[in-house]
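K.L.:
this is a predicted model, with the sequence first.
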Amino acid sequence: MNIYVILKRTFDTEEKIVINGGKISEDSAEFIINPYDEYAIEEAITLKDAHGGNVTVVTVGSEDAEKELRTALAMGADQAVLISDEDLESRDQYTTSTILAAYFNDKEYDLILGGNVAIDNGTGQVGPRLAELLNIPYVTTITKIDVSGSDVTIERDVEGDVETIQTTLPLLVTAQQGLNEPRYPSLPGIMKAKKKPLETLELDDIDIDEDELEAKTKTVEIYLPPKKEAGKILSGDTQDQVKELVSLLRSEAKVI
């Protein structure tokens, strides 16, 4: 099987995040593989072990993303590709999916995996957009996948329930929490990753014009949620509490 994983370098939400001028300060942020993409990497490696083949991880970004690609290689991916976007003034989900589609245009692939969402923007658009551009079926938020020849059986999360889908390869899927438990890179894996191929491509290498990549959306401002204030305990009988609650909702919360 020719298996590809599209991944994103994201900031670690478990570390302190500093906002300066409506933007995240990258100098103070820690960066990691998007956690949902780790499920995709793990599943790709598991499928390769079961069916044979090759796993390639692909990302669009700056040279800083080499660290995350090397981590994916240490987990067990066979090769990595970095598509540099250094020359772009702006990039959104449309831009990323268009670049990826140009990359996959001349590739042979059976299965493309990605994370359900990225924890920074949380749009969940790149996977479905890419599948549409490649004209292949896609299934989102999967929690189980079984491949038998070209036939695929998938279970996906649908707001607390499970939906079972039958489809065929080639296919794109996005991984939801619960699909698997991503492995940690082992020391031998880290050493092997240093020798595995990591290819860097420019936009010219994938035959795409920068004029086609103008972002369709713009992030105006990023801000942290307000700090939670201490709760209030209402006293008196039920009728008095209801009156006070209504008054607070009107005067302080301003929701009625």
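P.N.:
Arrived safely. Residues are numbered from 1 along each chain as shown.
K.L.:
can you give me the helices for the stretch 51-200 of the chain?
P.N.:
In the stretch 51-200 of the chain, the helices defined using DSSP state H, counting those that start in this stretch lie at 66-75, 93-104, 126-134, 187-193.
K.L.:
which other helices and strands contact the third one?
P.N.:
In this case it means helix 126-134. When contacts are defined as 3 or more Cβ pairs under 8 Å, 6 or more residues apart in numbering; DSSP states H and E, helix 126-134 packs onto strand 2-6, helix 93-104, strand 111-115, strand 138-148, strand 171-175. Bear in mind the C-beta positions are built from the backbone N, C-alpha and C, glycine included.
K.L.:
one step back: columns mean pLDDT on top of the helices of the stretch 51-200 of the chain, output as CSV?
P.N.:
Converted to CSV, these look like this (pLDDT from 0 to 100):
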stretch, mean pLDDT
helix 66-75, 97
helix 93-104, 96
helix 126-134, 97
helix 187-193, 94
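K.L.:
need those helices in TSV (columns: mean neighbour count).
P.N.:
Shown next, in TSV, are these (neighbours: other Cβ atoms under 10 Å):
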stretch	mean neighbour count
helix 66-75	22
helix 93-104	21
helix 126-134	20
helix 187-193	13
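K.L.:
could you dump those helices to CSV with distance to Lys144?
P.N.:
Output for the helices of the stretch 51-200 of the chain, formatted as CSV (distance: least, Cβ to Cβ, whole Å):
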stretch, distance to Lys144
helix 66-75, 20
helix 93-104, 25
helix 126-134, 17
helix 187-193, 25
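K.L.:
which one of the ones you listed lies closest to Glu212?
P.N.:
Among the helices of the stretch 51-200 of the chain, helix 93-104 comes nearest to Glu212, with 6.4 Å by Cβ to Cβ.
K.L.:
got the angle between that closest one and strand 2-6?
P.N.:
Calculated by axes from the mean of the first three to the mean of the last three Cα atoms, to 10 degrees, helix 93-104 forms an angle of 160 degrees with strand 2-6.
K.L.:
C-terminal to the worst-scoring helix or strand of the chain on mean pLDDT, what's the next element?
P.N.:
One helix or strand of the chain scores below all others by mean pLDDT, DSSP states H and E: strand 23-24, with a mean of 74. Proceeding C-terminally, strand 23-24 gives way to strand 31-33 as the next helix or strand, assigned by DSSP states H and E.
K.L.:
strand partners (parallel or antiparallel) of that following strand?
P.N.:
Strand 31-33 sits in its sheet next to strand 9-11 (antiparallel), going by DSSP bridges.
K.L.:
mind listing residues that contact the strand it pairs with?
P.N.:
17, 24, 26, 29-34, 59, 61, 64-65, 67-68, 118-120 (Cβ atoms under 8 Å, 6 or more residues apart in numbering).
K.L.:
which of these are buried? Put it as a PyMOL command.
P.N.:
Those of the contacts of strand 9-11 that count as buried under 16 or more other Cβ atoms under 10 Å are selected in PyMOL with:
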select buried, resi 17+29+31+32+33+34+59+61+65+68+118+119+120
